[in-house]
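Colleague: Just to be clear, the model below is a prediction. Sequence and coordinates:
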Amino acid sequence: MTMPTLTAEPATLGKSEPSAKTSLIGLSRADLAARMAALGVPERQTRMRARQLWSWLYVRGETDFFAMTDIAKDLRAELAANFTLARPTIVTEQVSLDGTRKWLLKVDGANAVDAVFIPEPDRGTLCVSSQAGCTLDCAFCSTGKQGFNRNLSTAEIIGQLWLANRALGVRSREQRIVSNVVFMGMGEPLLNLDAVIPALRLMLDDRAYGLSRRRVTVSTSGVIPGMDRLREECPVALAVSLHAPNDALRDRLVPINRKYPLRALLAACNRYLERAPRDFVSFEYVMLDGVNDSDAHARELLGIAARVRCKFNLIPFNPFPNAGFARSGPERIRRFAEVLQHGGITVTTRKTRGDAIDAACGQLAGDVADRTRRSGKRRSIPLTEVRA
């Protein structure tokens, strides 16, 4: 059972229509100062004005230049004339009985992406998207079946956190409802690092969102060049979508394995751990009935665990139309976990949250104008803002 709800203040959530103006969302303080200089702000004032803007954008969450009252009126007018504060807009919001919230967010006239908030007693986790669709086409993932349109911008990624805070009633940094962020929504984050890394830096910045590196997780299907770049530029917690214990099966389930096979992937994991904020990699493993869930598969995983410090997160498969897979039964999942645990491996089985509103792992599909022609007939959702 679900309880669809409407956002209370749709008109204040920003615009995402195509614009010739540059968005200031997602820029560093140095970049903001450079924009001030380009507007003719005296050099001695640029850093001060950048600090003021930063505070309005990320501490107060302001969306209107003219409301930034400690900035001179003429400069506010110049900012409004030359820049935008565009963020995604909420098309629909659904709330599951377990408290999980899913927002469909319009990012342009043709595409919408999903973001999901999962409340738990000790934390609140926001799952964000990094692309409109996904190029990787993993066999068991609804997002991949939607095809791919484009990468999201830094403003569109950080805008998901901004919108979630606003929708959840956060009005100051002291209210920490979102304590964790996971890049496990639509898309492969490591194929969009030019936008993802600046978004990560904003999330981690103590003068912006102030999240811990240990509480921000980037998930990848195994894009090795991206893993190496993330390690160098902004290491956070890492999750790898493993889903198979050998190359033959992983080639079928996670096609990028044909380019970056397990031997190379595990070596990249070890390189990443040299700078990671956690001393292990989380291996995500979706449990597919009769496909990858035998005791023999579990024993093969012990060999992988001997090569990389890791823990396993077992994910009961979340079905979607025409998926072609079924979820492993509870007893099979329990037995699979037991084999790993007896081998000395830390194992968790993910509690399915939000599946009633298609917000669970692997179910996010958004609404994507596919450029790959992979999706065939896709569902159509009118991309208009919700009106109360």
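Modeller: Received the coordinates, thanks.

Colleague: how about the strands in the stretch 151-300 of the chain?
Modeller: 180-183, 216-220, 237-241, 281-287 (DSSP state E, counting those that start in this stretch).

Colleague: wait, which of those is closest to Leu265?
Modeller: strand 237-241 (7.1 Å; C-beta to C-beta). From N, CA and C alone the C-beta is placed, and that goes for glycine too.

Colleague: Against which helices or strands is that closest one packed?
Modeller: strand 216-220, helix 262-273, strand 281-287 (3 or more C-beta pairs under 8 Å, 6 or more residues apart in numbering; DSSP states H and E).

Colleague: residues in contact with Leu202?
Modeller: 26, 58, 154, 158, 208-209 (C-beta atoms under 8 Å, 6 or more residues apart in numbering).

Colleague: For the protein, which segments count as helices?
Modeller: Applying DSSP state H to the chain gives helices spanning 29-38, 43-54, 73-82, 142-145, 154-167, 193-204, 224-233, 247-253, 262-273, 295-305, 330-342.

Colleague: Columns distance to Pro319 on top of the ones you listed, output as TSV?
Modeller: Compiled in TSV, the helices of the chain are given as follows (distance: least, C-beta to C-beta, whole Å):
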stretch	distance to Pro319
helix 29-38	44
helix 43-54	44
helix 73-82	47
helix 142-145	9
helix 154-167	25
helix 193-204	29
helix 224-233	29
helix 247-253	16
helix 262-273	27
helix 295-305	20
helix 330-342	15
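
Colleague: Now do the contacts for the closest residue to Thr154 other than its chain neighbours.
Modeller: Spatially, and ignoring its direct neighbours in sequence, Thr154 is nearest to Gly26 (3.1 Å; C-beta to C-beta, 6 or more residues apart in numbering). Listed by C-beta under 8 Å, 6+ apart, the contact partners of Gly26 are 153-155, 157-158, 195, 198-199, 202.

Colleague: possible to save the strands of the stretch 151-300 of the chain as JSON lines with distance to Val41?
Modeller: Converted to JSON lines, those look like this (distance: least, C-beta to C-beta, whole Å):
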{"stretch": "strand 180-183", "distance to Val41": "33"}
{"stretch": "strand 216-220", "distance to Val41": "33"}
{"stretch": "strand 237-241", "distance to Val41": "39"}
{"stretch": "strand 281-287", "distance to Val41": "45"}
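
Colleague: Could I get those strands in JSON lines, plus columns for mean neighbour count?
Modeller: Listed next are the strands of the stretch 151-300 of the chain as JSON lines, based on neighbours: other C-beta atoms under 10 Å:
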{"stretch": "strand 180-183", "mean neighbour count": "22"}
{"stretch": "strand 216-220", "mean neighbour count": "22"}
{"stretch": "strand 237-241", "mean neighbour count": "22"}
{"stretch": "strand 281-287", "mean neighbour count": "24"}
